[in-house]
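J.: Any chance you could fold what I've pasted below:
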Amino acid sequence: MGGCVKTGDGSLALYKTYLRRLATLFLMLNAASIAGCATVPHGFTVVTSPAPIATNSKEHKIFLAGSIEMGKATDWQADVINALKDTNTVVYNPRRSDWNKDWKPELSDPHFKQQVEWELSALEDADTIIMYLAPNTQSPISLLELGLYARTDKLIIYCPDGFWRKGNVDAVAAKYNIKTVGSMEELIAAAKARAH
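T.: Okay, the predicted model is just below:
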């Protein structure tokens, strides 16, 4: 009667061992599922490309869109991350330390393709997209992202004087009621407000 539980003859101990093994198997499968789906624990987490998107996270997800300019723009993302670290938030950061300027901006380049696909997925998954368009940059990809998400309520934009297409950005923001702010401090405060 291999699968039957008998009492009084030691089978209860076997049954308990079976339950422990089943629980261990369940935990292992759950851990594998978490790794595959990029579920993150409660609290603050930074997901940097090309790490898996945290689609199953219950935390508020913020994408850091805006000027990078192949590393020419200051690392404003690090300042925002530092300011948000006391929130229960997943932050998607597209700026990566291992970016290679020799990667070609073509889909035939696997590194470039991976980065673009990661950004598109993270933007889609994010609850909030904060965008900083730095003076003296052009940020064409950020402008593309602005166009993609202008009709959603995800965007918060900080576009100071000196950005080469500030007038266009302001016009789009006004047309589609996109929240705009006047400083990095206000951008961070607005992101925190959305996260709580």
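J.: After the helix or strand bottoming out on mean pLDDT in the chain, heading C-terminal, what element do we hit next?
T.: Evaluated with mean pLDDT, DSSP states H and E, the helix-and-strand set of the chain has its lowest mean pLDDT in helix 11-37, which scores a mean of 45. Helices and strands here follow DSSP states H and E; after helix 11-37, the next one along the chain is strand 45-48.
J.: Now that next one: average pLDDT?
T.: Per-residue pLDDT values over strand 45-48 give a mean of 96.
J.: and residue 159, what does it touch?
T.: Applying C-beta atoms under 8 Å, 6 or more residues apart in numbering, one finds that residue 159 lies in contact with 131, 132, 133, 166, 169, 170, 173, 180. C-beta coordinates here come from the backbone N, C-alpha and C atoms, glycine included.
J.: Most widely separated two among these?
T.: Maximum pairwise distance in these, criterion C-beta to C-beta, is 14.6 Å, between 132 and 170.
J.: More neighbours: the two, which one.
T.: Taking residue 132 and residue 170 together and counting by other C-beta atoms under 10 Å, residue 132 has the greater number of neighbours (26 against 15).
J.: From the structure, what's the count of residues near the spatially closest residue to the more buried one that is not a sequence neighbour?
T.: In space, residue 132 comes closest to residue 66 once its chain neighbours are excluded; the distance is 3.9 Å by C-beta to C-beta, 6 or more residues apart in numbering. Residue crowding around residue 66 was assessed by other C-beta under 10 Å; the count is 28.
J.: Now do the helix or strand containing residue 170: which elements does it pack against?
T.: Take DSSP H and E as the rule and residue 170 turns out to sit in helix 166-175. Where contact means 3 or more C-beta pairs under 8 Å, 6 or more residues apart in numbering; DSSP states H and E, helix 166-175 is packed against helix 140-149, strand 179-181.
J.: could you give the angle of that helix to helix 140-149?
T.: Here helix 166-175 points in a direction 20 degrees away from that of helix 140-149 (axes from the mean of the first three to the mean of the last three C-alpha atoms, to 10 degrees).
J.: Residues contacting helix 166-175, please?
T.: Helix 166-175 has contacts (C-beta under 8 Å, 6+ apart) with 133, 143, 146, 147, 150, 157, 159, 160, 163, 178, 179, 180.
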